[in-house]
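Novice: test case, fold it:
(chains A, B, C, D, E, F, G, H, I, J, K and L)
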Number of protein chains: 12
Amino acid sequence: MAGKSLVHRVQVLHGPNLNLLGAREPEQYGRVTLQEIDAQLADFGRARGALVQSFQSNHEGALIDRIQQARTDAQGLVINPGGFTHSSVALRDALLACALPIVEVHLSNIHARETFRHTSLISDIALGVVCGFGASSYRLGLEALLEHLER
Amino acid sequence: MAGKSLVHRVQVLHGPNLNLLGAREPEQYGRVTLQEIDAQLADFGRARGALVQSFQSNHEGALIDRIQQARTDAQGLVINPGGFTHSSVALRDALLACALPIVEVHLSNIHARETFRHTSLISDIALGVVCGFGASSYRLGLEALLEHLER
Amino acid sequence: MAGKSLVHRVQVLHGPNLNLLGAREPEQYGRVTLQEIDAQLADFGRARGALVQSFQSNHEGALIDRIQQARTDAQGLVINPGGFTHSSVALRDALLACALPIVEVHLSNIHARETFRHTSLISDIALGVVCGFGASSYRLGLEALLEHLER
Amino acid sequence: MAGKSLVHRVQVLHGPNLNLLGAREPEQYGRVTLQEIDAQLADFGRARGALVQSFQSNHEGALIDRIQQARTDAQGLVINPGGFTHSSVALRDALLACALPIVEVHLSNIHARETFRHTSLISDIALGVVCGFGASSYRLGLEALLEHLER
Amino acid sequence: MAGKSLVHRVQVLHGPNLNLLGAREPEQYGRVTLQEIDAQLADFGRARGALVQSFQSNHEGALIDRIQQARTDAQGLVINPGGFTHSSVALRDALLACALPIVEVHLSNIHARETFRHTSLISDIALGVVCGFGASSYRLGLEALLEHLER
Amino acid sequence: MAGKSLVHRVQVLHGPNLNLLGAREPEQYGRVTLQEIDAQLADFGRARGALVQSFQSNHEGALIDRIQQARTDAQGLVINPGGFTHSSVALRDALLACALPIVEVHLSNIHARETFRHTSLISDIALGVVCGFGASSYRLGLEALLEHLER
Amino acid sequence: MAGKSLVHRVQVLHGPNLNLLGAREPEQYGRVTLQEIDAQLADFGRARGALVQSFQSNHEGALIDRIQQARTDAQGLVINPGGFTHSSVALRDALLACALPIVEVHLSNIHARETFRHTSLISDIALGVVCGFGASSYRLGLEALLEHLER
Amino acid sequence: MAGKSLVHRVQVLHGPNLNLLGAREPEQYGRVTLQEIDAQLADFGRARGALVQSFQSNHEGALIDRIQQARTDAQGLVINPGGFTHSSVALRDALLACALPIVEVHLSNIHARETFRHTSLISDIALGVVCGFGASSYRLGLEALLEHLER
Amino acid sequence: MAGKSLVHRVQVLHGPNLNLLGAREPEQYGRVTLQEIDAQLADFGRARGALVQSFQSNHEGALIDRIQQARTDAQGLVINPGGFTHSSVALRDALLACALPIVEVHLSNIHARETFRHTSLISDIALGVVCGFGASSYRLGLEALLEHLER
Amino acid sequence: MAGKSLVHRVQVLHGPNLNLLGAREPEQYGRVTLQEIDAQLADFGRARGALVQSFQSNHEGALIDRIQQARTDAQGLVINPGGFTHSSVALRDALLACALPIVEVHLSNIHARETFRHTSLISDIALGVVCGFGASSYRLGLEALLEHLER
Amino acid sequence: MAGKSLVHRVQVLHGPNLNLLGAREPEQYGRVTLQEIDAQLADFGRARGALVQSFQSNHEGALIDRIQQARTDAQGLVINPGGFTHSSVALRDALLACALPIVEVHLSNIHARETFRHTSLISDIALGVVCGFGASSYRLGLEALLEHLER
Amino acid sequence: MAGKSLVHRVQVLHGPNLNLLGAREPEQYGRVTLQEIDAQLADFGRARGALVQSFQSNHEGALIDRIQQARTDAQGLVINPGGFTHSSVALRDALLACALPIVEVHLSNIHARETFRHTSLISDIALGVVCGFGASSYRLGLEALLEHLER
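Specialist: Sure thing, here's the model as predicted:
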């Protein structure tokens, strides 16, 4: 499929503290690193004729800047907003403004954690949500997004 | 993988009103019927060496009976509890008692609907949740469950 | 009007415990039985050229089954959801899926009873609500529904 | 029944803004005017041997004055309290003090509107409630009241 | 004390439905009429060298008009706001604007009635509150106000 | 007491998932099965001259049907409503309608479990409640009911 | 009136910290001490043929003991429960058990203070409430109680 | 612009107690009177070719009457609903029914006052809101309305 | 069993106002006194080889002192915390610190009383709860505790 | 006024996503860009002898840095905090610390949007608020601020 | 510093169950006893020229008595209110009345425990709070108080 | 202790606006600057053989970056999260991920300020909390942390 000229472009966004994946609490989050996840997503995308790029930041503003940029260089977003999920109206506004289909993913099952993690400011403006399957949440979310874009 | 003798057995459970799929509100839920979804899931499972069986009922008690039976004839559950998601403690108790890994799926993005649909009595005891991708939610959920069982 | 070939068909649905009418707490609910109410409703309907059929069940699933069936054999529903009024999302979903005009009725004035009876999961999807007039609530509700269908 | 000397007297009360009926938002409230509704109610009452009088005001105090007067010149009330439904304890107190059977009616289905319209300060002291059937809500409410008075 | 030239002037204000006192629910509110209460208060005031005037209205606006007037012709207010106690910000604002000492009184014990009667928009800007002693609530409230004015 | 002709008849009702007792989570619920509990209760009753019959179902409707039947063939109920405790208004209505003395029992201490288990729709209409003592909760509840019936 | 043989006996109860009156925050609570208040109340009572006795304690248990004793040696209670107003169910139970008419008084206007002071566990079981008039609250409350007893 | 024949007509509405402006609490509300504000608004409007008329009342009903009249003699409303802001559903309904662009203004910053002033029943149906700038709030609100009408 | 040297020792604790049993509101609480209950419990315990001692106080501190002492002279507690059930964190802490199995009992069905009685600060740390069976609640609770100790 | 040496200096602050103005959702926010708004504000200020400078950032920290700087180089702030309005205590603290008069503005009517937008952490510390008038909100807010500074 | 004649006097207060320190749950609270803590605090105070006295009681009233006494024999209080922290308005009132600087301390981190421990009735009237450091919380709190007194 | 080779390393973190200390609202926060506090903490640490480094930022992301770095170059954290205390889940996640003992400090008594400052997202994962003692809060918090590390 590499020879196909018209590929979908997908931006993957990782929120705060996800750069620690593999190093932090491996018994809970597994030993796979963010770099490995990003590589797998890129491979998975390439196999379906999509260009998948990733970006991580601990800075809300940097994530917003990147989302704004996605308006012109992506057709869809896969986002794990991390701790910003529950409090960032600004992130929500950026996602609303970019007007792209969004898939929200979480490594852990946020419904089985602290109460304040049960509320998301992103879910209701997303296409759909995948949570609880560790690194696989990203891949399943990307799969769902590509399926949506291909329709 | 077809020659493998030891397959995983997965029970798919559909809650109330899902038998109407394809007929009811096709613009919202699509035109694919529950029979077609079940066939696709069975195919998808077979290709990965898993036996996937499906069951739908509008009766809470019948679903509980089936879940209890799954204790002896399945290794995992994919469940779309439909309207029981938000109110059935009995269903939750049955799922707790069967002690199998559970994946909760929803056709629509429940976070973008009425407030009473934002609370699930199942999510916190599930492995993970997939919602918002129409019939694909089932397949993605099954994929996640099989990956979990294969580990 | 009896000779009219094209009549409206209306399904009347009685939720749990309404089979006890006339026997249970007669000082509160009166001595008229459900059979008598159903006969009166059928008579009332016939006089206006409508076929009125009734169904009662203590089983939520059986009511849902009957509502689904009404999609093809009725043009409107009069429903007294009884105790399911306040908790059954599945019943609401069935009513939504059948896409017929619905009139919600209650024998007693639910606003003058326990707090948990003040919330209905049905009212906002109904055409209108009639409550507090005993067995007459049904007849007034049927009248309102027929008027709506005749328009 | 016109010859009957001892008729029931019913007072119909219309709260604020109902004088605009027919003129305001006709696509939502229909084109029938309050004068026409009042005439229909008077006719309907007359046919059952009841004298039905109507009163509308945008002034809470004027409605209270009229309710107090009803203590001596009516046997029952049909009231559409309009916007006062949700906030006027004074109106409730007047209705309590008049000690007559009251039927509360609403043109629209208040359960399908803004949240603050879901709470009524009148419902729990009413005989019953009818809402959602446009101008017919009045007639059905009057019918229910007369039936009650005739018992 | 009748010969004393410099008397205190007190305005007594009765909210909606209090004109019915003596006639309405005598077993609960007693058989004394508002006219009798006003006469007793005037006598009580006169004996302590105070001019006590009373005003009742079912109209919120009329009460506000009278409170505004009290700014120039009274040194204190005794008010039973009736049903306006719990909802009228406008009345509160009028009382705030008149900047006089206010005593809030109620015939019944509002804490032993419906929940919505437990909240008062007047109490926190009053000098004090007397409730539950029937017609005596007025006299005790007036006594407290005069004591305050005499200090 | 075995020779006594006039015995009390008591209906014991087990809600959803209680059929799994002894098999499910034995470390939490013990190894005694529901059959053994029912046998013990029957023995205990017989020794006090009472006929004790038991019924279990995962179906809310089946439990309601059985409760309605108890109106004519029992003088009291011991019920462990299981997951229906917290959400079934229909079950509550059936118990209200049967107008028998009811004792609510729970194997586990529901106050030490999830928050949604702290609210019961049954407790306030029961004679009393026993919870937390495993299978003994049933026997203590039956003892309390018999004592009540014998008074 | 001193020669009258049959006097009413009234128990005045002061809750925690009221022993500090006159010493603590005189600008807010005035300079009159609890002893002076008690003397005034005794005088006031004597003049109306009533024996008024007072008791203060910082100990909830001691107040409850005294209330229990009042069952046999008083016909009414005037109580300023101080800080126990808002949290002591035990005090409420003692007052309920003594089955005497109770008048609740407060020096300050509790409605103009912290939110947690707006809720009283005593008010709904009291005859009435007087608050906000400093030491005069007691005298007005006693007056209301005597009036009640004399009726 | 004075020569322009087709001017916009704007109705300014002042709610309860605003007639006291200049007299009441001048340190908080300033010394400008309502008459002066109205004159300034009329001048401001005239300079932009608009006819600005003002109306004040302490009576909710009178304000509703005037709003209804505005349906035929104005193209827009500037309203300071005063104390009715937070509780009058009837006023909201009148504004909804008149179907004109509305600008809500407040002299003081209602967000910096009591909690019950933070909720407005008008704001969500207004074009916009201006608050906190004293008498200037009116002029800024009028300016915004005219700009809207001129578009 | 009287000859058995190693008996279980159980401390029964009665909270505030329970000393009035038999005297207060006999129609609600029965005519049996606390002394009689204590004697029955001692007898019941003796018959099963247990030493049962009782203690009542209206003083929270005295109850806490007694609970602390129980750490060394009892193997289990039966407690009716009365009004302290709903507010005493200190009592809860004392019970936590004594680390003995606790059975909470109530004479009345607290779920059928005021809302504030529905919350217990003790239940979740108790073995189990018995309520609603009058004096029998104590005996049933003691029975459950002894059964637990004997295991 | 250009020759005046002592001008007021005003800092305008735009929160996250406002850089997209004109490009994002033009049908809702209009086609005017932030650059054009800033130019208009500078012009408007200059005409009244004020220096108006603008700053936008998607980074909360950058906005806080700029607010801190304003302590020394501005006399007032006009701020549209965007999505930070509802969640940023840090922004509020910065505004509190700068101790300048603040005017809060919003393009849209936040009261007519999602519930979480109805709460502002800024409004109660602002001089006043203007919302709902698109780009004009800024100009009206600036006008109000200048008027305040000129006083 | 021992020769200094004018020392600060500090009262340390320990609420209910703290007398068990060292004996109860040593793995959570450590093995140091209250006597040892009191000795350490006295030593620490003496070294800084302060007289530190300690008092423990399980009786709320006794603590209040001691706080009242502190008005005349101490310049500051260090208090661990234990279980009274969350419910005792009377203790709060005593602390308010003594008008001394107060430092609130807790052995455990109350924010990491049950929800009802997150609310303190003391914190907002304290100088400051120290919690979570076991016995060191007392010493740090005393240090803070002495620093405050020495200023 | 200076010669000791193995010192503890502690990272002190200051959240937004704390760079203004000494300059902003000195009457409330004192005149000591953040530089002075940091110097004092370094001195205090050095005297106990610990290396104390400080970092301040108004940028949430920068604080998170620094916390992540602390995983490898510190053994404990003292953090004053400022305005981020109440809303930043991302900061909480970073602190959780660094898995170091944390002491939370605040200059002011947050319990005596606005309600939204009473909730902390950090406290329950901290070792302990110190608040209300101005700059001393830092030193006391550091002392507590060192004591913990030395154990």
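Novice: and stretch A:11-21, anywhere near chain L?
Specialist: Yes: using Cβ under 8 Å from any Cβ of the partner chain, stretch A:11-21 reaches chain L at A:15-17, A:19-20. Using the backbone N, CA and C atoms, a C-beta is placed for each residue, glycine as well.
Novice: does chain L sit close to stretch A:130-145?
Specialist: No: using Cβ under 8 Å from any Cβ, stretch A:130-145 never reaches chain L; the gap is at least 15.3 Å.
Novice: let's verify the spatially closest residue to A:R48 that is not a sequence neighbour: helix, strand, or coil?
Specialist: Nearest residue to A:R48, sequence neighbours excluded (Cβ to Cβ, 6 or more residues apart in numbering or on different chains): A:L146, at 5.4 Å. Secondary structure, DSSP: H, G, I helix; E, B strand; the rest coil: A:L146 is helix.
Novice: which element is the residue nearest the centre of chain A on?
Specialist: In chain A, the residue lying closest to the centroid (Cα atoms, centre = their mean) is A:I79, at 2.3 Å. Under the criterion of DSSP states H and E, A:I79 resides in strand A:76-80.
Novice: partners of that strand in the sheet?
Specialist: Strands that pair with strand A:76-80, judged by DSSP bridges, come out as strand A:8-14 (parallel), strand A:102-106 (parallel).
Novice: can you tell me which of the residues of stretch A:11-21 next to chain L is nearest chain D?
Specialist: A:G15 (32.7 Å; Cβ to the nearest Cβ).
Novice: number of residues surrounding the residue in chain A that chain D sits nearest to?
Specialist: As assessed by Cβ to the nearest Cβ, chain D sits closest to A:D124 within chain A, at 17.7 Å. Counted with other Cβ atoms under 10 Å in any protein chain shown, the neighbours of A:D124 add up to 16.
Novice: could you do the one 3 residues further on as well?
Specialist: Counted with other Cβ under 10 Å, the burial measure for A:L127 works out to 21 neighbours.
Novice: quick one: contacts for the closest residue to it other than its chain neighbours?
Specialist: The shortest distance from A:L127 to any non-neighbouring residue, by Cβ to Cβ, 6+ apart, is to A:P101 (4.8 Å). Counting by Cβ atoms under 8 Å, 6 or more residues apart in numbering or on different chains, A:P101 makes contact with A:75-77, A:127, A:145, A:148-149.
Novice: report the two of these separated the most.
Specialist: Farthest pair in those (Cβ to Cβ) is A:Q75 and A:L127. Separation: 12.3 Å.
Novice: can you give me the buried ones in the lowest-mean-pLDDT helix or strand in chain A?
Specialist: Ranked by mean pLDDT, DSSP states H and E, the weakest helix or strand in chain A is helix A:26-29, scoring a mean of 74. Within helix A:26-29, the residues that count as buried by 16 or more other Cβ atoms under 10 Å in any protein chain shown are A:Y29.
Novice: hmm, whichever helix or strand comes after it touching chain L?
Specialist: Downstream of helix A:26-29, the first helix or strand assigned by DSSP H and E is helix A:34-47. No: Helix A:34-47 stays clear of chain L (Cβ under 8 Å from any Cβ), getting no nearer than 12.8 Å.
Novice: now stretch A:11-19, how far from the centre of its chain.
Specialist: Averaging C-alpha positions (Cα atoms, centre = their mean, to the nearest Å) puts stretch A:11-19 7 Å from its chain's average.
Novice: with stretch A:43-61 instead?
Specialist: 8 Å.
Novice: buried ones in that stretch?
Specialist: A:44-45, A:48-50, A:52-61.
Novice: just to revisit the earlier point, got the phi and psi for the residue nearest to A:L127?
Specialist: phi -70, psi 140 (degrees, to the nearest 10).
Novice: before we move on, the earlier item: what's downstream of the strand holding A:I79, the next helix or strand?
Specialist: Going down the chain from strand A:76-80, the next helix or strand is helix A:89-98, by DSSP H and E.
Novice: near chain B, anything from that next one?
Specialist: No: applying Cβ under 8 Å from any Cβ, one finds helix A:89-98 out of contact with chain B, separated by at least 12.4 Å.
Novice: what is the neighbour count of the closest residue to A:G132 other than its chain neighbours?
Specialist: In this structure, A:G132 finds its nearest non-sequential neighbour in B:G128, 2.3 Å apart by Cβ to Cβ, 6+ apart. By the criterion of other Cβ under 10 Å, B:G128 has 30 neighbours.
Novice: which ones are touching B:G128?
Specialist: Counting by Cβ under 8 Å, 6+ apart, B:G128 touches A:109, A:130-133, A:137, B:103-104, B:141, B:144.
Novice: again, but for A:G15
Specialist: Here A:G15 is in contact with A:56-57, A:63, A:79-85, L:90 (criterion: Cβ under 8 Å, 6+ apart).
Novice: check the residue nearest to it when sequence neighbours are not counted and give its pLDDT.
Specialist: Nearest residue to A:G15, sequence neighbours excluded (Cβ to Cβ, 6+ apart): A:G82, at 3.0 Å. Turning to A:G82, the model gives it a pLDDT of 97.
Novice: who touches A:G82 in this structure?
Specialist: A:14-18, L:89-90, L:93.
Novice: and if you look at A:A74?
Specialist: A:A74 neighbours (Cβ under 8 Å, 6+ apart): A:9-11, A:53, A:100.
Novice: 7 Å instead?
Specialist: By Cβ atoms under 7 Å, 6 or more residues apart in numbering or on different chains, the contact list for A:A74 reads A:9-11, A:100.
Novice: ok, A:A112 next?
Specialist: B:D124.
Novice: end-to-end on stretch A:54-63?
Specialist: 11 Å (Cα to Cα, to the nearest Å).
Novice: which of the contacts of A:G82 sit farthest apart?
Specialist: Among the contacts of A:G82, A:H14 and L:V89 lie farthest apart (Cβ to Cβ), at 15.1 Å.
Novice: need the max-distance pair from the residues of stretch A:11-21 next to chain L.
Specialist: Distance extremes for the residues of stretch A:11-21 next to chain L: the farthest pair is A:G15 and A:L20 at 11.8 Å, using Cβ to Cβ.
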